[in-house]
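Trainee: here's my sequence, what's the structure:
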Amino acid sequence: MKKFIRGFGYAFNGLAYAAKTQLNFRVHLAATMLAVYLGYALHISANQWQWVILSIALVLIIELLNTAIEFLTDLVSPEYNELAGHVKDVSAGAVVIAALFALITGAIIFLPKLLALIHHAA
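Mentor: Next up, the predicted model:
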């Protein structure tokens, strides 16, 4: 049981390290806070919350995997290597796809509500 609990400590250490050292992870965390705030303020439905939470989790998970792949690539190939560059580019591409999914999902959920607020205020 101690080993199991210790595993959570390692996981939280990894999250803290990523938050301290990775600008992109911090940007995604800021976007997470904005999405949660908007969801709360605009009273989105439970179904919409599921999509927002899925989007947040997907982006954060893939960003963490991208960071791990970059670290591992740098470890095994400290000098420039074209193939290592492709590995990093492909993993970064996965983050872009996840972020676009989250952006489109957020637009579908939040834009109608924001436009209704603007229209109502006018």
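
Trainee: quick one: low-confidence parts of the chain?
Mentor: Scanning the chain for pLDDT under 70 picks out no residues.

Trainee: can you show me the strands along it?
Mentor: For the chain, applying DSSP state E gives no strands.

Trainee: need the helices for it, in chain order.
Mentor: 2-21, 23-41, 46-76, 82-121 (DSSP state H).

Trainee: with mean neighbour count as extra columns, can I get the ones you listed in CSV?
Mentor: Backbone N, C-alpha and C define where each C-beta goes, glycine included. Putting the helices of the chain into CSV (neighbours: other Cβ atoms under 10 Å) gives the following:
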stretch, mean neighbour count
helix 2-21, 10
helix 23-41, 15
helix 46-76, 16
helix 82-121, 13
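
Trainee: surely Q48 touches G39?
Mentor: Yes - counting by Cβ atoms under 8 Å, Q48 touches G39, with 7.2 Å between them.

Trainee: which residues do those two both contact?
Mentor: Jointly contacting Q48 and G39 under the rule Cβ atoms under 8 Å, 6 or more residues apart in numbering are I109.

Trainee: check the offset of stretch 1-15 from the chain's centre.
Mentor: Remark: stretch 1-15 is offset 21 Å from the chain centroid, using Cα atoms, centre = their mean, to the nearest Å.

Trainee: output that stretch as PDB, restricted to C-alpha atoms.
Mentor: What follows is stretch 1-15, C-alpha atoms only, in PDB (Å, rounded to 0.1, in the frame of the first residue of the first chain):
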ATOM      1  CA  MET A   1       0.000   0.000   0.000                       C
ATOM      2  CA  LYS A   2       2.900   2.400   0.800                       C
ATOM      3  CA  LYS A   3       4.300   1.800  -2.700                       C
ATOM      4  CA  PHE A   4       0.800   2.600  -4.200                       C
ATOM      5  CA  ILE A   5       0.500   5.900  -2.200                       C
ATOM      6  CA  ARG A   6       4.200   6.800  -3.100                       C
ATOM      7  CA  GLY A   7       3.200   6.500  -6.700                       C
ATOM      8  CA  PHE A   8       0.700   9.300  -6.400                       C
ATOM      9  CA  GLY A   9       3.500  11.400  -4.800                       C
ATOM     10  CA  TYR A  10       5.600  10.800  -7.900                       C
ATOM     11  CA  ALA A  11       2.700  11.700 -10.200                       C
ATOM     12  CA  PHE A  12       2.100  15.000  -8.300                       C
ATOM     13  CA  ASN A  13       5.800  15.700  -8.400                       C
ATOM     14  CA  GLY A  14       5.600  15.300 -12.200                       C
ATOM     15  CA  LEU A  15       2.700  17.700 -12.400                       C
END
